[in-house]
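**Student:** For reference, the sequence and a predicted model appear below.
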Amino acid sequence: MGDLWVFGYGSLMWRPGFAFEERAPALLRGLHRALCIYSHIHRGTPEKPGLVLGLDRGGACRGVAFRVAAARRAETIAYLRGREQVTMVYRESVRKVRLLDRPETAIDAITYVVDRRHGQYSGLLTREEQLALVRRGEGQSGANRDYVLNTMAHLEEMGIHDARLAWIAAELILDEERGLGPGD
């Protein structure tokens, strides 16, 4: 088998956790980035769930494609499954992704798509409901607010505008300015 491509749209963009040979801006059509997964481990608990990103139906998503050397294929897939499949809320999927720095190049990339039948799928929440969950969520990987702010910062670095995430991030920054803590 040849090199492996991995498409990241959330924390994988800024904290992939695996060795790669190349990183390129990429576009995936047919799915969009959404805060649509209740986090019970990394950014929340079952009692106080946080909210993390998933790829959901419709639209398009700009993110990052990572090329992994063929020799690291198996270890990278094992790592990704350990990271992304803890509660099986994501379905591992191979999708066509266009490399934005080489528009004529489309590659097959492994990515993780939300399973809408899973109990952690939040469905469509209002931005206020999303903000409330993000404000109070904290899990093994830290505060949910940090996850959202880090993701937003990296999206902005890449020139990607996500209006809903930007609104939530702006509210979280206002919380800091007001001296409000989690759940206030």
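**Tutor:** Arrived safely.
**Student:** Can you work out which other helices and strands pack against the least confident helix or strand in the chain by mean pLDDT?
**Tutor:** None of the helices or strands of the chain scores lower by mean pLDDT, DSSP states H and E than helix 11-14, at a mean of 90. Secondary-structure packing of helix 11-14 (3 or more Cβ pairs under 8 Å, 6 or more residues apart in numbering; DSSP states H and E): strand 50-68, helix 144-157. For glycine as for every other residue, the C-beta is placed from the backbone atoms N, C-alpha and C.
**Student:** Helix or strand next in line after the last one, which one?
**Tutor:** Once helix 144-157 ends, the next helix or strand along the chain (criterion: DSSP states H and E) is helix 163-178.
**Student:** Enumerate the beta-bridge partners assigned to the residue nearest to residue 158 when sequence neighbours are not counted.
**Tutor:** Distances taken as Cβ to Cβ, 6 or more residues apart in numbering put residue 25 closest to residue 158, at 6.3 Å, once the chain neighbours are dropped. Residue 25 has these beta-bridge partners by DSSP bridges: residue 64.
**Student:** Relative to residue 105, how far out is residue 25?
**Tutor:** To residue 105, residue 25 is 12 Å away according to Cβ to Cβ, to the nearest Å.
**Student:** ok, residue 88 touching residue 118?
**Tutor:** Yes: the criterion here is Cβ atoms under 8 Å, and residue 88 meets it with residue 118 at 6.8 Å.
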